[in-house]
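> Mind looking at a prediction? Sequence and model below.
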Amino acid sequence: MLSATDIALPTWSVVLLGFGSAMMLGGLVAVVVARQPKWERRFYWVTWLIGGAVGSASLIPRGLGLAIATYLVLALVAVVWAFFRTNYIKLGGRIIAATPSDRQPDSER
């Protein structure tokens, strides 16, 4: 049987989890407030990838495999969400999105 000390995360881990979560929530606010698609895209990817990495690092006490798997799932969610709901995937000047309206160049929006 697990005791409360076996379940609890170390203090540094809780701080990382809180910081990563706050960064991702702050990124959502920044995307809503940003006026230019270029900045929306940058805020989205920076906050998802860095916030997700920091939050996932908080799970290292539970195992490195769990931390890596959590980060990969968060990155996959970010890519899938960006593909189906936004115009935030841009490779080589080409916007990749599920809907034709999201594939329009930034200057035409």
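Sure, I can see it.
> which residues in the chain form strands?
89-91, 94-96 (DSSP state E).
> can you list these in JSON lines and add distance to R103, mean neighbour count and mean pLDDT?
All C-beta spots, glycine's among them, are computed from the backbone N, C-alpha and C. Output for the strands of the chain, formatted as JSON lines (distance: least, C-beta to C-beta, whole Å; neighbours: other C-beta atoms under 10 Å; pLDDT from 0 to 100):
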{"stretch": "strand 89-91", "distance to R103": "10", "mean neighbour count": "14", "mean pLDDT": "91"}
{"stretch": "strand 94-96", "distance to R103": "5", "mean neighbour count": "14", "mean pLDDT": "91"}
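> Let me have these in CSV, extended by distance to R62.
As requested, the strands of the chain are exported to CSV (distance: least, C-beta to C-beta, whole Å):
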stretch, distance to R62
strand 89-91, 31
strand 94-96, 34
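> Quick check, central residue of the protein?
W48 (1.8 Å; C-alpha atoms, centre = their mean).
> Report pLDDT for that one.
We have a pLDDT of 92 for W48.
> From A53, how far off is the closest residue to it other than its chain neighbours?
Distance criterion C-beta to C-beta, 6 or more residues apart in numbering; nearest residue to W48, sequence neighbours excluded, is A78 at 4.1 Å. Separation of A78 from A53 (C-beta to C-beta, to the nearest Å): 11 Å.
> okay, those two: which has more neighbours?
When A78 is set against A53 and neighbours are counted by other C-beta atoms under 10 Å, the residue ahead is A78, at 20 against 17.
> How about the contacts made by the more buried one?
Contacts for A78 (C-beta atoms under 8 Å, 6 or more residues apart in numbering) come out as Y44, W45, W48, L49, G52.
> quick one, helices of the chain?
With DSSP state H as the criterion, the chain has helices at 4-7, 11-33, 37-57, 64-85.
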